[in-house]
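Engineer: have a look at this prediction, sequence included:
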Amino acid sequence: MPKLTLNEDRLFPAESTQREIARRIYSTTKDLPIISPHGHVPPSWFSENTSFGNPAQLLLTPDHYINRIMHANGVELSQLGVGREEMSEEDNRNAWRTFCAHWSDYNGTAMRYWMTDQLVGIFGVTERPSPETADVIYDQIQGWIDDEAHRPRELMDKFNIEFIATTDDPCDDLADHQAIHANQEFSSKHRVVPTFRPDKYLEPGRADWNELVNSLGEVSGVSVDTLSGFTEAMENRRAYFKENGAISTDHSHADLQTNVVDRAMAENLYQLARTSLISPAQATELRRFLLVDQIRMATEDGLTMTLHPAVVRNHDPHAFAEYGADVGGDIPYALEVTRSMQPALAKFGNHPNLKLVLFTLDEDVFSREIAPLAGYYRSLYIGVPWWFIDAPESILRYKQSVTEMAGFSRTSGMIDDTRAFCSIPARHDMSRRLDAVHLASLVATHRLDEDEAIEQARRLVVDQPKKVFNL
Amino acid sequence: MPKLTLNEDRLFPAESTQREIARRIYSTTKDLPIISPHGHVPPSWFSENTSFGNPAQLLLTPDHYINRIMHANGVELSQLGVGREEMSEEDNRNAWRTFCAHWSDYNGTAMRYWMTDQLVGIFGVTERPSPETADVIYDQIQGWIDDEAHRPRELMDKFNIEFIATTDDPCDDLADHQAIHANQEFSSKHRVVPTFRPDKYLEPGRADWNELVNSLGEVSGVSVDTLSGFTEAMENRRAYFKENGAISTDHSHADLQTNVVDRAMAENLYQLARTSLISPAQATELRRFLLVDQIRMATEDGLTMTLHPAVVRNHDPHAFAEYGADVGGDIPYALEVTRSMQPALAKFGNHPNLKLVLFTLDEDVFSREIAPLAGYYRSLYIGVPWWFIDAPESILRYKQSVTEMAGFSRTSGMIDDTRAFCSIPARHDMSRRLDAVHLASLVATHRLDEDEAIEQARRLVVDQPKKVFNL
Amino acid sequence: MPKLTLNEDRLFPAESTQREIARRIYSTTKDLPIISPHGHVPPSWFSENTSFGNPAQLLLTPDHYINRIMHANGVELSQLGVGREEMSEEDNRNAWRTFCAHWSDYNGTAMRYWMTDQLVGIFGVTERPSPETADVIYDQIQGWIDDEAHRPRELMDKFNIEFIATTDDPCDDLADHQAIHANQEFSSKHRVVPTFRPDKYLEPGRADWNELVNSLGEVSGVSVDTLSGFTEAMENRRAYFKENGAISTDHSHADLQTNVVDRAMAENLYQLARTSLISPAQATELRRFLLVDQIRMATEDGLTMTLHPAVVRNHDPHAFAEYGADVGGDIPYALEVTRSMQPALAKFGNHPNLKLVLFTLDEDVFSREIAPLAGYYRSLYIGVPWWFIDAPESILRYKQSVTEMAGFSRTSGMIDDTRAFCSIPARHDMSRRLDAVHLASLVATHRLDEDEAIEQARRLVVDQPKKVFNL
């Protein structure tokens, strides 16, 4: 049986000079605590501390990175548990067998890299996944899951996660977060905080927008009959999130266009939207105003804003109808930043209390737009590659694109953005290894001294996220 | 005189660990038969098995890759035989002398790489092309051409080409293909098949469209007075091509926009087009419907579709007027896939009988759009780099962009797309070397085991083209 | 105290085979004279030969590459002397201290690379900049500046600059250039020439356009009441620049769209523009005609044209209001070439007397549009990376993108485009090192023989600029 192993030097260059330097740099960051300022782990995991169930439920069903490759190779998402209420033990085992049978379809992918890291590093698997080994591996992971030492709160210790943010609806009462916070033993060592994600509420073109806004009014106890009321309700909820530990707000829209319009004109659009007479173009115009207004709020309450635009959500309408959102059918398209964000940056781009972290799925804008902008505007930070481009070669391309223009000080630090909890150590470890690879190339080509590289590596892991997210 | 040589390790990295791995991987694929599912070699070469004539006629006149560089450096295309009825022995020799004098203008290009491979590997040339060596090399190649063992059919053996597809007009009677097929000795060892290329017939905005459609009606024996008739005629010709061995259809339009419109509305547009009253915008709308209808036909007859959009054809109108199409004046522009193809993918993207291979000349869409789409939709495959980006660094960029998102299983396998017959072995060899280079980098950085890399290399050469083109 | 050093092998790959080849190639070009066909050094420096003042004035205040990174990290531009009439010795020293305190913010940037080269290589600094070493370094550089052997004219010798072009307004009387030329001792060894930069005069949408055109009329002594007069005035000034040594004209507009319209229609638009009734769309149309007319003039007078489009100038209106233009707030956006330039290239693209050098800040167009175009059209040359992408990794990406499609013969040769005089040797040295790195990779992977690489390296430094700029 072929073995599954984790090489100590994985991702490091084969060339010995650079490999040695990379090893030395990595050795100084590999054991630093994990800071995860943006992700999608459910807070209930930490408040309830329940078991992860079984290997399929832990590693396959919720992970669209994994599912989509099998889907493309002919597997139905329902076979993997997606959208299903019930999965028998045999169903889960079959899902795992299917995954193991497709192991080679992941050759060369980031998913293969993270999964290997988890299988060997966390669960102690030693054999390569295949139809022959699927059941043994399943049983081995099941045994690990069933160990009470492997519940979410215990894993926060084991994974050395110091800080983690979840992503939450503005109307959420944050009860899970309050319960986590009330657990002093846990919360004295680990900070778990909510993230305010209002973007649905900023899209007056959505069919459910009026309902959403009504809920916002109810939860905040503010009348949302006017734009002023809506604004106050938003500010109220932002304040509530901040009181409950939030450090940032998260935004995804079709584009980055920012409109700095007259508030009276926006009030007119808001009235149209509330009475359902708004046109698509007007809805877009209002959304662009509302986004700028969130930026304005951020200059007041100091919550960092993360922006990740330009994705067609639910590209496959059949999968959306059958399985709902977030099942792997979201597809990027071209992004424009320079002209779109000019109005907002002209107004707030150097505000001392504002931090905007701009993520992209379109690599082209890294060197063409984001690095030039973040190398000038104080409020703008370069978000590291996430989603689709959160893989080794893409990350190295990113580093080679932005660093020589804007330096390291304008970058966000590692963002894992994941809902796959057990992949968090692998993702942060990958990031630190790639930091070391990039810095080693600068040292080996005499562009940086090794002591500077070591100091820089630590800053990327510790100082940048703390600075950018006000930790 | 400087020598011309072919190093065994060409394209392999200098670093010894990776070079050794690359050598081992390459050694397992280098002698596998060539599968060429899309190209532009004339079928008459195999039915008639005539001599290639002379070195200029074989290597220069028909190859726009080669011609355009000399053109940019001041050589008239007519000096190279382009667009000329007659070339004397002295004219051809002068064309060759011109090429040899411009040898250093090809430094670092893919054309230089392929030509060196042919000169040394096929013709046995040992001296670097230059004004001094031009005549000797000309004579040497002429001697090779004049050897009856170097006729097209014999070269199919020598080049180890198992499968090759030509590109043909829907109205073609495929007589050459039938003659090839009738030659049992040859066709038992080599499969030469036609490709259905209907794109001209799908462009109602062309001045010659009605004539083309009339021909289609005549050849198919179906009245093309209505869209239904046109559709039946198309299906008829697709069936005829399929009976004659075709495995795919080939399409190049200005963009990838797909319109899923009502057939009755399309019929109206068709009537306008047939009576020559159609506007450019309507013609585009009809073309987008007709393209989707080809996709629908593909779900029924199972012919794979290759798409390669977004090129300005005949950018230089003077060259077009003097020399016609395909003389090097086709220039790429930006491509959009995600939103353009959404209507067709929503309808057919997971159809079990459909295979779409999407090629691009715009590298940006590899990581931003094509890999994300092909990593989800079952019917969509990532076409390997072709034309302009079919060169070593571009190919490595492609591999580093798409693999970590979508894996190898979603890629097309090597497509040479060439009309330069003697370059086919060099092109496929280059592809296998670059497969080895990329896989070796994954092995050397501990992302893949060597046995997996070797298995993957074979799949890229054998399994992927067979799967994607239903061979 | 950490040392500051310049390694002989900087930028060369760590892998020994390639490093050795790179060293050998570089050794043949490193001492060749510098040819700088486009840049922004004021001609008065050479006519007046005044002292550079102090370290802040020499290295910080005028260099927006340096300033913008500090600005992004919270430093006010005025602290660095930008936009200020007066800076005391303490102000300048404080600016330098601020820079030294921000030294690590430049880690990995091109600015850090060039600055290190200058600090060690020119000023003899041996300690790493920091708050502790700032004053010592300041004093050391001040001492160097105060040495009369380090005046601009003397440095032309020391820096081995054979040719340098400045950038000048069409209405400039070129008195500085005439004074330089009159200094026979200097001008017999160094050629300093003006560049004709008319782009403001081609933008009828500018508020100051009529004033500019009036000045042009006055200076040329031609009535500019009609387009014919404007054209004659332009031709007159181009001729004046040419008489005074100019070799090129320089153009930056929002896009590359070229309109080949009827001159009578252009005359109508010109009349509208002169009477201030022109709409923005008409102004753009006229500008596109006027740009094409500059191309037409270039075919007649043989001045090379450099084009560098697609930048939002003064993106931050507050900085523009406070400090004026060129303070780091210019930001690139996406560029289109293929379709935009088609009208002009169809008309003039193969003209024997025309040379267009196309620069881009959008890396995507290198492989997608510029290399395909320049690999066909005789008049179009690929401008090397400049501004933002004039950094090592970007330059290597450029080389790996364009070379394999278009070869080296279609490239412009090194353009430093700088106003930082003392960085010119560092920038050209960096370029030659990267030439060697790229060529060494071709040699090490057996795509080029070493003697060819050495010859090619020399051509890139000597022959290409001489050919492209008619030197």
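Structural biologist: Yep, it's here. Numbering: from 1, shown residues only, chains lettered A, B, ... in the order given.

Engineer: what ranges does chain A have for its strands?
Structural biologist: With DSSP state E applied, chain A shows strands at A:34-36, A:161-165, A:191-193, A:248-251, A:304-307, A:311-312, A:331-332, A:356-358, A:380-382, listed in chain order.

Engineer: what lies in contact with the third one?
Structural biologist: Just to be clear, that refers to strand A:191-193. Judged by CB atoms under 8 Å, 6 or more residues apart in numbering or on different chains, the contacts made with strand A:191-193 from elsewhere in the structure are A:43, A:46, A:162-166, A:177, A:180-181, A:244-247. C-beta: built from backbone N, CA, C; applies to glycine.

Engineer: let me know the closest of these to residue B:343.
Structural biologist: When those are compared for distance to residue B:343 (CB to CB), residue A:166 comes out closest, at 36.0 Å.

Engineer: need the contacts of strand A:191-193 in TSV (columns: distance to chain C).
Structural biologist: Conversion of the contacts of strand A:191-193 to TSV gives the following (distance: CB to the nearest CB, whole Å):
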residue	distance to chain C
A:43	35
A:46	36
A:162	24
A:163	24
A:164	28
A:165	25
A:166	30
A:177	33
A:180	35
A:181	33
A:244	30
A:245	27
A:246	25
A:247	20
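
Engineer: any idea how far residue B:361 is from the residue nearest to the spatial centre of chain A?
Structural biologist: The C-alpha lying nearest the average C-alpha coordinate of chain A belongs to residue A:417 (CA atoms, centre = their mean; 1.7 Å). With distances taken as CB to CB, to the nearest Å, residue A:417 is found 32 Å from residue B:361.

Engineer: just give the nearest non-adjacent residue to residue A:360, would you?
Structural biologist: The shortest distance from residue A:360 to any residue other than its chain neighbours is 5.5 Å, reached at residue A:335 (CB to CB, 6 or more residues apart in numbering or on different chains).

Engineer: ok, that neighbour - how many residues close by?
Structural biologist: In terms of burial, residue A:335 registers 24 neighbours under the definition other CB atoms under 10 Å in any protein chain shown.

Engineer: just residue A:51 next, same as before
Structural biologist: Under the neighbour criterion other CB under 10 Å, residue A:51 is assigned a count of 15.

Engineer: pretty sure it sits against residue A:145.
Structural biologist: Yes - in this structure, residue A:51 sits in contact with residue A:145. The criterion is CB atoms under 8 Å, and the distance is 6.2 Å.

Engineer: could you redo the contacts of strand A:191-193 as CSV and give each row distance to residue C:235, neighbour count and pLDDT?
Structural biologist: As requested, these are arranged in CSV below (distance: CB to CB, whole Å; neighbours: other CB atoms under 10 Å in any protein chain shown; pLDDT from 0 to 100):
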residue, distance to residue C:235, neighbour count, pLDDT
A:43, 72, 24, 98
A:46, 76, 25, 97
A:162, 70, 16, 98
A:163, 67, 18, 98
A:164, 68, 23, 98
A:165, 64, 26, 98
A:166, 68, 26, 98
A:177, 73, 24, 98
A:180, 76, 27, 98
A:181, 76, 17, 97
A:244, 71, 19, 98
A:245, 70, 18, 98
A:246, 65, 24, 98
A:247, 63, 24, 98
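
Engineer: quick one: buried residues of stretch A:176-191?
Structural biologist: Neighbour-count burial for stretch A:176-191, with 16 or more other CB atoms under 10 Å in any protein chain shown as criterion, is recorded at A:176-177, A:180-181, A:186-187, A:190-191.

Engineer: surely residue A:81 and residue A:93 touch.
Structural biologist: No - under the criterion of CB under 8 Å, residue A:81 lies out of contact with residue A:93, with a separation of 11.3 Å.

Engineer: can you list residues touching both of the two?
Structural biologist: Jointly contacting residue A:81 and residue A:93 under the rule CB under 8 Å, 6+ apart are residue A:56.

Engineer: flag every residue of the stretch 301-450 of chain A that's near chain C.
Structural biologist: Selection of the stretch 301-450 of chain A residues close to chain C by CB under 8 Å from any CB of the partner chain yields A:334, A:336, A:338-339, A:342, A:345-346, A:349-350, A:364, A:367-369, A:371-378, A:400-401, A:403-410, A:442, A:444-449.

Engineer: narrow those residues to those in helices?
Structural biologist: Secondary structure of those is defined by DSSP state H; positions in helices are A:342, A:345-346, A:364, A:371-374, A:400-401, A:403-406, A:442, A:444.

Engineer: by neighbours, which of these wins?
Structural biologist: Of those, residue A:372 is surrounded by the most neighbours, 31 neighbours in total, counting by other CB under 10 Å.

Engineer: OK, contacts around that one?
Structural biologist: Contact analysis of residue A:372 by CB under 8 Å, 6+ apart lists A:338, A:405-406, C:331-332, C:388.

Engineer: what's the closest of those to residue B:231?
Structural biologist: Relative to residue B:231, and with distances defined as CB to CB, the nearest of those is residue A:338, at 46.0 Å.

Engineer: that older thread, skipping adjacent residues, who's closest to the residue nearest to the centre of chain A in space?
Structural biologist: Nearest residue to residue A:417, sequence neighbours excluded (CB to CB, 6+ apart): residue A:386, at 4.5 Å.

Engineer: so the one you found sits against residue A:413, correct?
Structural biologist: No - applying CB under 8 Å as the test, residue A:386 and residue A:413 come out as separate, 12.0 Å apart.

Engineer: more crowded one of the two?
Structural biologist: Shown here are residue A:386 and residue A:413; by other CB under 10 Å, residue A:413 has more neighbours (25 against 21).

Engineer: and the more buried one, how far is that from residue A:367?
Structural biologist: Counting by CB to CB, the gap between residue A:413 and residue A:367 amounts to 20 Å.

Engineer: can you check residue A:280 too?
Structural biologist: In this view, residue A:280 and residue A:367 are 33 Å apart by CB to CB.

Engineer: who has more neighbours, these two?
Structural biologist: Counting neighbours by other CB under 10 Å for residue A:280 and for residue A:367 shows that residue A:367 has the greater number, 28 against 9.

Engineer: pLDDT value on that one, please?
Structural biologist: Reading off the confidence values, residue A:367 has pLDDT 97.

Engineer: can you check residue A:108 too?
Structural biologist: What the model reports as pLDDT for residue A:108 is 98.

Engineer: ditto for the one 10 residues further on
Structural biologist: What the model reports as pLDDT for residue A:118 is 98.

Engineer: next up, the contacts around it.
Structural biologist: A:59, A:422-423, A:426.

Engineer: swap in 7 Å and give it another go.
Structural biologist: Residues in contact with residue A:118, defined by CB atoms under 7 Å, 6 or more residues apart in numbering or on different chains, are A:422-423, A:426.

Engineer: can you tell me how far it sits from chain C?
Structural biologist: 31 Å (CB to the nearest CB, to the nearest Å).

Engineer: now that residue: how far from residue B:457?
Structural biologist: 27 Å.

Engineer: what residues go with each domain of chain A?
Structural biologist: Under the assignment the TED database, the domains of chain A span A:52-149, A:157-260+A:287-469.
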